[in-house]
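S.K.: Pasting the sequence and the predicted model now:
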Amino acid sequence: MCKGLGLDLCEIARMETLLENQHFLERYFGEEEISYIRSKGRNAAQTLAGIFAAKEALAKALGRSAFCMTKQACRFIPCPDARRN
């Protein structure tokens, strides 16, 4: 059942600043997600923007604010077998 649709965009430059904000990271992301984001090196801000936008879009689709969702409610789990097109 589809409850709603969600769409979100994040400015990568803003995420570059937020990469240094440990409080922000711990509020919205689990330890595994933070490790994954940091493992991306120069692309960490892009990865952070993508994951955060996906979480925000899910919250919008569910009719909730991401601020109301706990980091355990929605986690990004990378799939090592996934292929890029």
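M.R.: Cool, got the structure.
S.K.: Based on its surroundings, how many neighbours for Glu56?
M.R.: Using other Cβ atoms under 10 Å, Glu56 has 20 other residues around it. Backbone N, C-alpha and C define where each C-beta goes, glycine included.
S.K.: mind starting the numbering at 756 from now?
M.R.: With the count now opening at 756, the last piece we talked about shows up as Glu811.
S.K.: Identify the nearest residue to it in space, disregarding sequence-adjacent positions?
M.R.: Nearest-residue entry for Glu811: Asp763, 3.8 Å, with adjacent residues in sequence omitted and distances by Cβ to Cβ, 6 or more residues apart in numbering.
S.K.: The one you found and Lys815 touch, don't they?
M.R.: Yes: contact status for Asp763 versus Lys815: in contact at 6.6 Å, counting by Cβ atoms under 8 Å.
S.K.: Name all residues that make contact with Ile767.
M.R.: Ala800, Gln801, Ala804 (Cβ atoms under 8 Å, 6 or more residues apart in numbering).
S.K.: For Ala812, see how far away the residue nearest to Glu811 is.
M.R.: 4 Å (Cβ to Cβ, to the nearest Å).
S.K.: With Phe779 instead?
M.R.: 18 Å.
S.K.: now do Pro833
M.R.: Pro833 sits 18 Å away from Ala812, taking Cβ to Cβ as the criterion.
S.K.: And these two? Which one has more around it.
M.R.: Using other Cβ under 10 Å, the more surrounded residue of Pro833 and Ala812 is Ala812, with 16 against 12.
S.K.: Surely the more buried one is in contact with Leu764?
M.R.: No: contact criterion Cβ under 8 Å: Ala812 and Leu764 do not qualify, at 9.2 Å.
S.K.: where does this structure have its least confident helix or strand?
M.R.: helix 799-816 (a mean of 89; mean pLDDT, DSSP states H and E).
S.K.: Using PDB, write out every CA atom in that helix.
M.R.: Extracted as PDB, the C-alpha positions of helix 799-816 are listed here (Å, rounded to 0.1, in the frame of the first residue of the first chain):
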ATOM      1  CA  ALA A 799      31.300  11.800   1.500                       C
ATOM      2  CA  ALA A 800      29.300  15.000   1.100                       C
ATOM      3  CA  GLN A 801      27.500  13.600  -2.000                       C
ATOM      4  CA  THR A 802      26.800  10.400  -0.200                       C
ATOM      5  CA  LEU A 803      25.500  12.200   2.900                       C
ATOM      6  CA  ALA A 804      23.300  14.400   0.700                       C
ATOM      7  CA  GLY A 805      21.800  11.400  -1.000                       C
ATOM      8  CA  ILE A 806      21.100   9.400   2.100                       C
ATOM      9  CA  PHE A 807      19.700  12.400   4.000                       C
ATOM     10  CA  ALA A 808      17.500  13.300   1.000                       C
ATOM     11  CA  ALA A 809      16.200   9.700   0.800                       C
ATOM     12  CA  LYS A 810      15.300   9.700   4.600                       C
ATOM     13  CA  GLU A 811      13.600  13.100   4.200                       C
ATOM     14  CA  ALA A 812      11.600  11.800   1.100                       C
ATOM     15  CA  LEU A 813      10.500   8.700   3.100                       C
ATOM     16  CA  ALA A 814       9.400  10.900   6.000                       C
ATOM     17  CA  LYS A 815       7.400  13.100   3.600                       C
ATOM     18  CA  ALA A 816       5.800  10.000   1.900                       C
END
